[in-house]
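Student: Just a sequence and a predicted model for now, questions to come.
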Amino acid sequence: MLWACSVHAAKRPNVIVIMSDDQGVGDYGFMGNSIIRTPELDAMSKRSGLLSRFYVSPVCAPTRACLMTGRYNYRTRCIDTYIGRAMMDTAEVTLAEFLGDAGYKTGIYGKWHMGDNYPLRAMDQGFQDSLVHRGGGIGQPSDPIGAEGKYTDPVLIRNGRETPMKGYCTDIYFDAAMEFIERSSKAEKNFFAYIATNAPHGPFHDVPKALYEEYRKVDFSPIIINKLKPARLKQENDKLARISAMITNIDENVGRLFRTLDALDVSEDTIVIYLNDNGPNSRRYVGNMRGVKAGVDDGGIRTPLIFHWPAKVKAGMKSDHLCAHIDMLPSILDACGVKIPKGHKLDGRSFLPLLTGESSRWPTRQVVFQTHRGNVPRLYHHFAIHEDHWKLVHPSGFGRESFDGEPNLELYNLKNDPRQQKNLAGLQPKVLKRLKAGYEAWF
């Protein structure tokens, strides 16, 4: 469908969005992790802009719906991660559709997680080139028969057809993306490549072997949050060795990608964005925060947002304004000169001026995160609302469809208390009332 979006005449950037799965806000060297090696991302962060207070949803599919549409995932019908709740309404207009209609070549490599059948697939929702796995990851019931759980030599879905592949899945995604980028560049076409790895999501049996051999000799106890008995600590140490191998493998591929962009002479005018989709898939280092994947505490819904665009964003540009996944689509369209059609409802706004230096002004806004099991949203169940440095949260549990009794609301000043140690609900009644009313209006 051709949408009535106007395009600025100026030279447009290419766009690459890289999003890892379950990596976590603390799994980067530049975020203070001294054990997991991410030298390419550390270098990327130094030559890029950085949004240091960027929020995502507690789990996979809701984050992806928000990112692809610029709208809260509850509007899109993509509210959970499985049994039919991770299928995005086909009436939604995706980032790929907007950019495709503006003349961009569009490709997705890795994880879609918003529908595996027509008309829900990525290839039905604006992606002209598609190499994906099914469902929420390899190793799930949607795996092709005979290729169950295969991260190495997987069977992937290439433009709708099951296709046996050779190599490790993350390497395959980056290889395919780089081939797509090279084809588009040689044809002098702008491109949008979405590289969404399923690593370091479990299962953890099939990881890059050489990196695993390196990490299995490492003591991870300094970054494991829990106090564990020796046998359990050994088991957790091995799990983290496997997760770290997957993370460093992604990092190495980021380096390969940048070398490809340099060789094609398109680095200057290519936006490369890196983020993770939710908190970490174990209780490990999350900086000065608390929380893990599926939680609405900050450690479960934060990511650094690295924004590399040499033509417009100076190295070292940084903003700590409150931004979120719903802001990604309007920001990219802003950068590409694609105007949103009049009447099209977005929840996000462009953060681009914060990184280009065109404006440091940012409105006080309220942003809400809520995800839990079930077909129906429940008032107050497993939500957080943010306003500047204030956070009102009810961490009632992702895994349940509802909670018992009255909500036990917690209020934190994240500027003074990023670890959420001092509940101010009884000391700041006016702030609590304002945020509670804001959440209820959103709901």
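Tutor: Now that the structure is in, tell me what you want to look at.
Student: Look up which helix or strand Glu236 falls in, please.
Tutor: Under the criterion DSSP states H and E, the helix or strand holding Glu236 is helix 230-263.
Student: Quick one: list the elements packing against that helix.
Tutor: Applying 3 or more Cβ pairs under 8 Å, 6 or more residues apart in numbering; DSSP states H and E, we find helix 230-263 packed against strand 14-20, helix 39-46, helix 169-186, helix 209-215, strand 270-276. Quick note: C-beta positions are derived from backbone N, CA and C, even for glycine.
Student: redo that, cut-off 10 Å
Tutor: Under the contact criterion of 3 or more Cβ pairs under 10 Å, 6 or more residues apart in numbering; DSSP states H and E, helix 230-263 touches strand 14-20, helix 39-46, helix 169-186, strand 191-196, helix 209-215, strand 270-276, strand 302-308.
Student: Nearest to Leu257, out of these?
Tutor: Leu257 sits nearest to helix 169-186 of all these, at 6.1 Å, using Cβ to Cβ.
Student: What are the buried residues along that closest one?
Tutor: Across helix 169-186, burial judged by 16 or more other Cβ atoms under 10 Å covers 169-178, 180-182, 184-185.
Student: Which of those sits closest to Gly295?
Tutor: Nearest to Gly295 out of these is Thr170 (Cβ to Cβ; 25.7 Å).
Student: that older thread, just the helices and strands packed on helix 230-263: most buried one?
Tutor: strand 191-196 (a mean of 26; mean count of other Cβ atoms under 10 Å).
Student: quick one: average pLDDT of that one?
Tutor: What strand 191-196 shows for mean pLDDT is 99.
Student: What of stretch 310-330?
Tutor: Across stretch 310-330, the average pLDDT comes to 98.
Student: Okay, now that stretch: how far is its last residue from its first?
Tutor: One end of stretch 310-330 to the other measures 20 Å (Cα to Cα, to the nearest Å).
Student: List the buried residues of it.
Tutor: Within stretch 310-330, the residues scored as buried using 16+ other Cβ under 10 Å are 312-313, 317, 319, 321-330.
Student: just for this structure, where's the confidence low?
Tutor: Low-confidence regions of the chain, defined by pLDDT under 70, span residues 1-10.
Student: Go again with 90.
Tutor: For the chain, the stretches flagged by pLDDT under 90 are 1-11, 225-228, 358-361.
Student: Would you agree Ala187 is in contact with Gly103?
Tutor: No: counting by Cβ atoms under 10 Å, Ala187 does not reach Gly103; the two are 11.7 Å apart.
Student: So which residue is dead centre in the protein?
Tutor: Asp277 (2.8 Å; Cα atoms, centre = their mean).
Student: Please name the nearest non-neighbouring residue to it.
Tutor: Counting by Cβ to Cβ, 6 or more residues apart in numbering, Asp277 lies nearest to Thr63, which is 4.6 Å off, once chain neighbours are set aside.
Student: could you point out which element follows the helix or strand where that neighbour lies?
Tutor: Using DSSP H and E, Thr63 falls within helix 60-69. Under the assignment DSSP H and E, the closest C-terminal helix or strand after helix 60-69 is helix 73-76.
Student: Now tabulate the helices and strands packed on helix 230-263 in TSV and tack on distance to Gln235.
Tutor: Shown next, in TSV, are the helices and strands packed on helix 230-263 (distance: least, Cβ to Cβ, whole Å):
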stretch	distance to Gln235
strand 14-20	23
helix 39-46	28
helix 169-186	24
strand 191-196	29
helix 209-215	15
strand 270-276	24
strand 302-308	27
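Student: So which of those is nearest Gly295?
Tutor: Among the helices and strands packed on helix 230-263, the nearest to Gly295 by Cβ to Cβ is strand 302-308 (10.7 Å).
Student: coming back round to it: identify the residues contacting the residue nearest to the centre of the chain.
Tutor: Taking Cβ atoms under 10 Å, 6 or more residues apart in numbering, we find Asp277 in contact with 19-24, 56-64, 67, 111, 113, 196-197, 201, 293, 303, 325.
Student: same thing with Asn288?
Tutor: The neighbours of Asn288, taking Cβ under 10 Å, 6+ apart as the test, are 26, 32, 298-299, 414, 417-419.
Student: just checking, which of those belong to helices?
Tutor: 298-299 (DSSP state H).
Student: Weed out the non-buried ones from the contacts of Asn288.
Tutor: Here, 16+ other Cβ under 10 Å leaves 26, 298-299, 414, 418-419 buried among the contacts of Asn288.
Student: so Val286 makes contact with Gly299?
Tutor: Yes: taking contacts as Cβ under 10 Å, Val286 lies within contact range of Gly299: 3.6 Å.
Student: quick one: common contacting residues for these two?
Tutor: Each of 24-26, 225, 279-280, 292, 419 lies in contact with both Val286 and Gly299 under the rule Cβ under 10 Å, 6+ apart.
Student: Assign a three-state SS to Val393, would you?
Tutor: For Val393, the assignment made with DSSP: H, G, I helix; E, B strand; the rest coil gives strand.
Student: ok, the contacts of Asn288 vs Ile243, which is closest?
Tutor: Nearest to Ile243 among these, counting by Cβ to Cβ, is Gly26 at 12.0 Å.
Student: quick one: the closest one from Gly32, how far?
Tutor: 7 Å (Cβ to Cβ, to the nearest Å).
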